[in-house]
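>>> Please find the sequence and the predicted model below.
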Amino acid sequence: MTAPSSSIVPAERITQAILIVRGHKVMLDQDLASLYGVQTKVLIQAVKRNIGRFPADFMFQLTDQEFANLRSQSVTSSAWGGRRYPPYAFTEQVVAMLSSVLNTERAIEVNIAIMRTFVQLRAMLASNAELAAKLARLEKKYDAQFKVVFDAIRQLMSPTVPAKRRIGFGRQRDRS
C-alpha cells in the first residue's frame, strides 16, 4: 500500500530525514520539528513535559562525537549552525507519541505520512533481502558449472604484458 499523493509531506522528504544512529533508524529533533511545522525548542519542550511517554529506547540525545560525525557528513553545515546541545534522536516508535503531545491537525497528518514511509522502507528492505538470498543460492548452485566460463573471463580481463623493447641506440648488425 502506498501513501496517497495528497500527503502533507512528500515521502522523499521523510526518507531523507531518516538516519541510522546506534543501529536504530531515527529522525532528529530539528527534522521532525520542520515536518510538524514547529520550532525545535517547542518540540523538545513538549517532549520534556511528557517525558514518561518517551523511554530511553525510543528517544536519546546524541553524544558530542555522534553530533560531530553527523555534521561532518552533512554537505551543508548551515542547517546545524547555532545549536548549543546535540540533537535528540527519535525512533519510529516515538513518532505516534509526538503527534499526541503536539496535538495539532498537522502533527496527526505528518505522523501518518511518517508511519507510511517507515512501512514502505521495511517492505523495500525485506524485498532486497529476498533478492540477495536468491542470488546467493543461484551463485552457489551454478558456480561449479560455470567455473570454466568465469576463469576464461578472468583470463581475458587480465592485462597482457608486452615484450620489452630496448630503448636507446644500438649497433646495427651486418645483414648478409
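Thanks, I have the structure now.
>>> Show me where the chain has its strands.
Ranges of strands in the chain, per DSSP state E, are 18-21, 24-28, 59-61, 88-91.
>>> among those, which is the most enclosed?
Mean neighbour count (mean count of other CB atoms under 10 Å) peaks for strand 88-91 among these, with a mean of 22. Every C-beta, even on glycine, is put in place using the N, C-alpha and C of the backbone.
>>> Lowest-scoring secondary structure element of this protein by mean pLDDT?
helix 147-157 (a mean of 63; mean pLDDT, DSSP states H and E).
>>> Just the pLDDT for Q145.
According to the prediction, Q145 has pLDDT 60.
>>> what stretches of the protein score poorly on pLDDT?
Scanning the chain with the threshold set as pLDDT under 70 gives 1-7, 74-82, 131-132, 135-136, 138-154, 156-166, 168-176.
>>> okay, how far is it across stretch 46-57, tip to tip?
When the termini of stretch 46-57 are compared using CA to CA, to the nearest Å, they are 18 Å apart.
>>> picking up where we left off before, please tabulate the strands of the chain in a markdown table and include distance to M124 as additional columns.
Formatted as a markdown table, the strands of the chain follow (distance: least, CB to CB, whole Å):
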| stretch | distance to M124 |
| --- | --- |
| strand 18-21 | 12 |
| strand 24-28 | 12 |
| strand 59-61 | 25 |
| strand 88-91 | 18 |
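>>> Any idea which of the ones you listed gets closest to L125?
Across the strands of the chain, L125 has its closest neighbour in strand 24-28 (9.9 Å, CB to CB).
>>> quick revisit: for the strands of the chain, which one sits closest to S72?
Closest of the strands of the chain to S72 is strand 18-21, at 13.6 Å (criterion: CB to CB).
>>> now for that closest one, which elements pack on it?
Helices and strands touching strand 18-21, by 3 or more CB pairs under 8 Å, 6 or more residues apart in numbering; DSSP states H and E, are strand 24-28, helix 64-73, helix 105-143.
>>> would JSON lines of the ones you listed with distance to Q93 be doable?
Shown next, in JSON lines, are the helices and strands packed on strand 18-21 (distance: least, CB to CB, whole Å):
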{"stretch": "strand 24-28", "distance to Q93": "10"}
{"stretch": "helix 64-73", "distance to Q93": "20"}
{"stretch": "helix 105-143", "distance to Q93": "10"}
